[in-house]
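Chemist: Sequence plus predicted model, see below.
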Amino acid sequence: MTLKNIYIIILSLVLIFGCQIEGFTQDENKVIISGQVLDSRSGEPVAGANVEIIGGKGATSTNVTGFFELVSPSKIEVPVRISAVGYDNSLSTIPEKELNLSQTFFLKKRVVSLKEITVSGRNSIDAVNLINTLDIQNRPVQNSQDILQNVPGLFIGQHAGGGKAEQIFLRGFDIDHGTDINLSLDGIPVNMVSHAHGQGYSDLHFIIPETISGVEFNKGMYYAEKGNFATAGYAEFNLQNSIEENLVKVEAGQYNSYRTVAKLRLLKNNKSNAYVAGEYVNKAGYFESSQDFRRLNFLGKYNYWLSKTNQLQLTGTVFESEWLASGQIPVRAVESGRISRFGAIDDTEGGNTSRYNASVRLQSFLGNDILLRNQVFYSRYDFELYSNFTFFLEDPVNGDQIRQTESRDIFGYKTEFFKNHSNFSVPVKSKVGAGFRYDIVDDIRLSRTLNRNTTLEDLARGDVKEFNANFFIDEEIQLTDKLLVNPSLRVDYFNYNYRNQLALNPKFQQESKAIISPKLITEYVFSDNFKAFAKAGIGFHSNDSRVVIQQNGEEILPKAYGLDVGSVFKPTNKLIISPTLWYLELEQEFVYVGDAGIVEPSGRTQRYGADLSLRYQITNWLYSDFDFNYTYARSLEAQDGEDYIPLAPEFTSLAGLSFDFTNGINGSLRYKYLGDRPATEDYSITAEGYFVVDAVLNYDYNALRFEVSVENLFDTQWNEAQFATESRLENEQNPVTEIHFTPGSPFFAKAGFSYRF
C-alpha cells in the first residue's frame, strides 16, 4: 500500500468519525459558556483570543467574529482569563446566574508580553506567527511583498527592477512567483492562474503596507479554506477595517528613492466608517542604469451597518507601476571586467503593470455564535514584461529579448458560514464555504522583440478562460478538555479553455477535472505551557491552461501529501519554543515555462525537514526571535547525485532583536541567512548563500514619528537572485552555462517622518 492510499484511508476515517460526534453521551454536570471578545477602543471583534477557565479546567479561542464557546465543568461561578497577543489580559468571574447568558469581554491594546501568553488555546500554535505580524513597523519595508519575510523560513528575491513580483522560497520550494503558496488580500486572490510569465504569478505591490492590520499565515496544505497553490503554505493579508487617526508620511533614501503615503478618515459614526489611502513611490535604484521605477496606489474602504446584525463592506484599490531593469547578469561578464556588479548586458528590460480591484462583502451575524459572510469581487489586470535571459544565444544579430503580455478580468464569489455550537456537551466550531473564480485572459502573448520597439515574431499567442468552483467543510471538535480534532474536506472543480491564435484554425479547446482534498489537524494540551500537534493533508497545485490542453487533461492537478508533527511549549514565562518536523511529497506535474513558451515535466519530488522557532522576552522592552529551517529536497525519479532540485533552499535562518522603550524609542536589529544551494540537478553549479543584517530605529513624539532604516548594514556583497543559465554574449563563439545573478542591495539607508492627526 502506498503512502497516498494510507493518507486517503486515514483522513476519510477521521472525517467519518467527526460526522458521528453527535453520538457522544452528554455529561449533565457540565455547562456551556459562550460570549464575544471585542477591542475596547474600536469595538471590532478580536479573533484568536485565548479564553480559558482558570485552573486548567478548559480553554478555547475566539473565531473570526470574536465569539467563543467553552465547556465548564462547574455549574457555579466560573473564573475566566482572556488573553490575546497585543492586549492586556482580562480576568473575570461569571456568576452562576449568568452562566447561560452570552458574555461580552473587552480587551485593551498594549505592548505584547510573552509572560502572559499561554499555549493551551486553539490558536496558540500560531502564537509565534502572530507575534511576527506585530513587528512589521520595526523591519525595513519597501513594499507589502517584503512583509512576507515575517513568515519563518520564507525568503524573497527581486530580480527585475522592483516592479516584477518577487521570487519566493519556502520549505524547499523555489516557488518562483507563487506556484506553491496561496496569497490573498481580504478574500481577493492574488495568485494569477495561467499567467503570461508563469503559473501562480503573485504581485503584492498593489497593497499599501500602512493599511495592513495583520497577516495570517501557515505552512502546509492543512487548511480547507485555502485551495489552489496552498502546498508549501498560505498567507492572507488583512486590511484595516477603519482608522482612528489620519496619517501623512514622507520617506527619502539613497539612490534617489522617495515615497509618500497618506491615510485619511472620511467618516466614522455609529453606523458607518470610511477611509482612503494613497501611496506614490519613485526611485532610480542602485544599478548603473536607472530603474526609473514608479508605483502609484490608491485604496478606499467603507463599512456600513445595514442593521444591528448586517454589515456591508466595500473595498476598492487602484495600482499602476512601470520600471526599467538590468536583469540577471553572467558571472563571467563581471569577472572579466566587461561590466560591474551593478551593470547590465541589456538595460532595456523592465515593464509596466496595473491592477484594479473591487470587493463587496456582506457579513450577517445570525445570533451570538453564527456568522454568514458573502463576498463578490472583481479584478482588472494588465501586464507587460521585457526580459533577456540568454542575450545572443538564439539570435546573434538582434539578441534574445522577449516580451510577455496579457490582459485579464477576474470574477469571483464566495460564501462562508461560521457557527459555534455543541453536540451533547462537546463544543464544535463549524465552518462551511463555497465559491467560484472565473479568469478571462485576452491575448496572452510571448514575443521576440528588439529594444522594446520592434516585434520580431510571436512564439506563443492565445486566449484563456479558466473556471474554478470549490466547496469545503471544516469541523473543529473539542473532544475533551485536552484533545482537539479538526477534520476538514475540500472539493475543487476546474474547467480549462485555451484558444491558440497561431493555429491554422483557432478555436477554444476544453478540459475539466475535479479533485478532493481531505485534511486533519489534532492537538493535545498537556498543560497551560505545553501542547503537541499533528497535521496531515492533501493539497494540490493546478497547472497552466496551455499545459492542460497540450497534455489532453492528463495529470493536470498533481496532488501534494503533507505531514507535520510538532509542539509549542513555554519552559519559562518569557520563552516560547516551537519545533516542527514535516514531510511533503508532490506528484508529477507539467509546468508551462512562460519565458520560453514550452512545457517542462518536473516528475515526483519529496521534501522533508525541521523548523525551529523561538521567542524570548529578555526584558520588558527587549525581545528576541530566532527561526531556523532545514530542508532535504530531492527528485524521486532521478539517479542519485542527479536528483537535486535546483535552487531549493537547504538551510535558512531569520533572527533579531526588537526593542520598545517607554520614551518612544523603538526599533530592531535583524539578520537573514540563506545557505548555499544547488543551481543544477547534479549540484555542479552552486547558488551562493548570504548573510545580511538590517536595522530600524523609530522615535515617537506625540503625533510625530521619525524613522531611519538601513538595509545591508555592513554593506555585504550578496546575490539576491541566481539561476544557472546557458547564454552567449555578443561576439562570443560558444555559449556558456553558469550562474546569472541580480546583485542584492548594497548599504541602503532611508529616513522618514509621519504625522498622525
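Modeler: Sure, I can see it.
Chemist: didn't residue 39 look like it was pressed against residue 110?
Modeler: No. Using Cβ atoms under 8 Å, residue 39 is not in contact with residue 110; the gap is 11.8 Å. From N, CA and C alone the C-beta is placed, and that goes for glycine too.
Chemist: Mutual contacts of the two, please.
Modeler: residue 87 (Cβ atoms under 8 Å, 6 or more residues apart in numbering).
Chemist: Tell me which of the two has more neighbours.
Modeler: More neighbours surround residue 39 than the other of residue 39 and residue 110, with 17 against 11 (other Cβ atoms under 10 Å).
Chemist: The helix or strand encompassing residue 93 pairs with which strands, parallel or anti?
Modeler: If you go by DSSP states H and E, residue 93 is part of strand 90-94. Take DSSP bridges as the rule and strand 90-94 pairs in its sheet with strand 78-83 (antiparallel).
Chemist: And the partner strand, what's buried?
Modeler: 78, 80, 81, 82, 83 (16 or more other Cβ atoms under 10 Å).
Chemist: And the residue nearest the centre of the chain, how far from residue 212?
Modeler: Central residue of the chain (Cα atoms, centre = their mean): residue 235, 2.4 Å from the mean position. Noted for residue 235: a distance of 11 Å to residue 212, by Cβ to Cβ, to the nearest Å.
Chemist: With residue 294 instead?
Modeler: Between residue 294 and residue 212 the computed distance is 22 Å (Cβ to Cβ).
Chemist: What's the local residue count around the residue lying closest to residue 203 once chain neighbours are set aside?
Modeler: Sequence neighbours aside, residue 165 is the residue nearest to residue 203 in space, at 4.1 Å (criterion: Cβ to Cβ, 6 or more residues apart in numbering). The burial count assigned to residue 165 is 26, neighbours taken as other Cβ under 10 Å.
Chemist: Kindly report the same for the one 5 residues further on.
Modeler: Applying other Cβ under 10 Å, we find 25 other residues in the vicinity of residue 170.
Chemist: My guess is it contacts residue 179. True?
Modeler: No. Counting by Cβ under 8 Å, residue 179 is not a contact partner of residue 170; they are 10.8 Å apart.
Chemist: residues in contact with residue 164?
Modeler: Residue 164 touches 158, 177, 197, 203, 323, 325, 351, 385, counting by Cβ under 8 Å, 6+ apart.
Chemist: Note down every partner strand of the helix or strand containing the last one and its orientation.
Modeler: It refers to residue 385. Applying DSSP H and E as the criterion places residue 385 in strand 370-387. Here strand 370-387 is paired, per DSSP bridges, with strand 349-365 (antiparallel), strand 402-423 (antiparallel).
Chemist: Indicate which one of these is closest to residue 302.
Modeler: With Cβ to Cβ as the criterion, residue 302 lies closest to strand 349-365 of the strands paired with strand 370-387, at 10.1 Å.
Chemist: list the buried ones in the closest one?
Modeler: Buried-residue list, strand 349-365, by 16+ other Cβ under 10 Å: 349-357, 359, 361, 363, 365.
Chemist: Reformat these into a markdown table and put distance to residue 226 and pLDDT next to each item.
Modeler: Formatted as a markdown table, the buried residues of strand 349-365 follow (distance: Cβ to Cβ, whole Å; pLDDT from 0 to 100):
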| residue | distance to residue 226 | pLDDT |
| --- | --- | --- |
| 349 | 34 | 94 |
| 350 | 33 | 94 |
| 351 | 29 | 95 |
| 352 | 31 | 96 |
| 353 | 25 | 97 |
| 354 | 27 | 98 |
| 355 | 21 | 98 |
| 356 | 24 | 98 |
| 357 | 19 | 98 |
| 359 | 18 | 98 |
| 361 | 18 | 96 |
| 363 | 20 | 89 |
| 365 | 24 | 81 |
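Chemist: re the thing from before, okay, who's weakest in the contacts of residue 164 by pLDDT?
Modeler: Among those, residue 158 has the lowest pLDDT, at 82.
Chemist: Isn't that residue up against residue 711?
Modeler: No. Applying Cβ under 8 Å as the test, residue 158 and residue 711 come out as separate, 11.9 Å apart.
Chemist: Break down the stretch 251-400 of the chain into its strands, ranges please.
Modeler: For the stretch 251-400 of the chain, the strands defined by DSSP state E, counting those that start in this stretch cover 257-268, 272-283, 293-305, 310-325, 329-330, 349-365, 370-387.
Chemist: er, the stretch 401-550 of the chain actually
Modeler: Using DSSP E, counting those that start in this stretch, the strands of the stretch 401-550 of the chain run over 402-423, 426-450, 454-478, 483-500, 508-527, 530-540.
Chemist: I'd like to know which of these lies nearest to residue 274.
Modeler: Nearest to residue 274 among the strands of the stretch 401-550 of the chain is strand 402-423; the distance by Cβ to Cβ comes to 23.3 Å.
Chemist: The closest one to strand 426-450, inter-axis angle?
Modeler: Interaxial angle, strand 402-423 versus strand 426-450 (axes from the mean of the first three to the mean of the last three Cα atoms, to 10 degrees): 180 degrees.
Chemist: pLDDT on strand 402-423, on average?
Modeler: 92.
Chemist: Counting neighbours, which bits of it end up buried?
Modeler: Within strand 402-423, the residues scored as buried using 16+ other Cβ under 10 Å are 402-408, 410, 412, 414, 416-420, 422.
Chemist: ok, now stretch 609-620?
Modeler: Within stretch 609-620, the residues scored as buried using 16+ other Cβ under 10 Å are 609, 611, 612, 613, 614, 615, 616, 617.
Chemist: which outside residues touch that stretch?
Modeler: With contact meaning Cβ under 8 Å, 6+ apart, stretch 609-620 is reached by 113-115, 128, 131, 152-153, 171-172, 219, 566, 574-582, 623-632.
Chemist: Narrow those to just the buried residues.
Modeler: Those of these that meet the buried threshold are 113-114, 128, 131, 152-153, 171-172, 219, 566, 574-578, 580, 582, 623, 625, 627-631, by 16+ other Cβ under 10 Å.
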